[in-house]
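> 3D model of this:
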Amino acid sequence: MEADHGPDVAQQIARHLVVFLRRPGGQSQFAGPVWTPPARRPGVREAQDLIHGDPTADLRVSVLASRVGMSERHFSREFTRALGCPPGDYVEQVRVDTARRLLETEPVLVTVAAARAGFGSAETMRRAFLRRLGVAPGHYRRRFAVH
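Predicted coordinates for the structure are as follows:
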């Protein structure tokens, strides 16, 4: 596929099919980001829009709840009920997905990707990558960067 259509097309198809473009022996499978449909509850939907609109913003539960006009406790319950995960987990996943795209498509340092994805530090991003993907950002880049 890559030889016929180039690395960009091969990468997109591999992600769509959830297969490893160049999978070495013994390497675990990486899945592409899972798209979460917008919530039906207006406050939760507004919070999703805020999170996706600027993953570098202050996205603590207290801030999001205030922005959508709910108490923290009620917001956390509604968000988790609507999307199946707590707001903090959702924010981390959006930031990981943002960093993944940067590492795949742009020749930026890991520290720059961490800042542009909303992580406080490269170490925080590294821990999130290990937790969510089982691999460090540098290793992820070596596997998925489009050259």
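> Ala115 and Asp49: what is the separation?
The spacing between Ala115 and Asp49, counted by Cβ to Cβ, to the nearest Å, is 22 Å. For the C-beta atoms, the positions are set from N, CA and C on the backbone; glycine is no exception.
> neighbour count winner among these two?
Taking neighbours as other Cβ atoms under 10 Å, Ala115 and Asp49 compare with Ala115 leading, 17 against 13.
> right, and the helix or strand after the helix or strand the more buried one falls within?
In the assignment (DSSP states H and E), Ala115 maps to helix 110-117. Beyond helix 110-117 in the direction of the C-terminus, DSSP H and E gives the next helix or strand as helix 122-133.
> which helices and strands sit right next to the helix or strand following that following helix?
Of the helices and strands lying after helix 122-133 in sequence (DSSP H and E), the nearest is helix 137-144. When contacts are defined as 3 or more Cβ pairs under 8 Å, 6 or more residues apart in numbering; DSSP states H and E, helix 137-144 sits against helix 87-105, helix 110-117, helix 122-133.
> could these go into JSON lines alongside distance to Pro38 and mean pLDDT?
Output for these, formatted as JSON lines (distance: least, Cβ to Cβ, whole Å; pLDDT from 0 to 100):
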{"stretch": "helix 87-105", "distance to Pro38": "12", "mean pLDDT": "96"}
{"stretch": "helix 110-117", "distance to Pro38": "21", "mean pLDDT": "96"}
{"stretch": "helix 122-133", "distance to Pro38": "22", "mean pLDDT": "96"}
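> need these in a markdown table (columns: distance to Arg143).
Compiled in a markdown table, the helices and strands packed on helix 137-144 are given as follows (distance: least, Cβ to Cβ, whole Å):
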| stretch | distance to Arg143 |
| --- | --- |
| helix 87-105 | 9 |
| helix 110-117 | 14 |
| helix 122-133 | 10 |
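> which one of these lies nearest to Arg141?
Closest to Arg141 of the helices and strands packed on helix 137-144, according to Cβ to Cβ: helix 87-105, at 4.3 Å.
> quick one: buried residues of the closest one?
By neighbour count on 16 or more other Cβ atoms under 10 Å, the buried set for helix 87-105 is 87, 90-100, 102-103.
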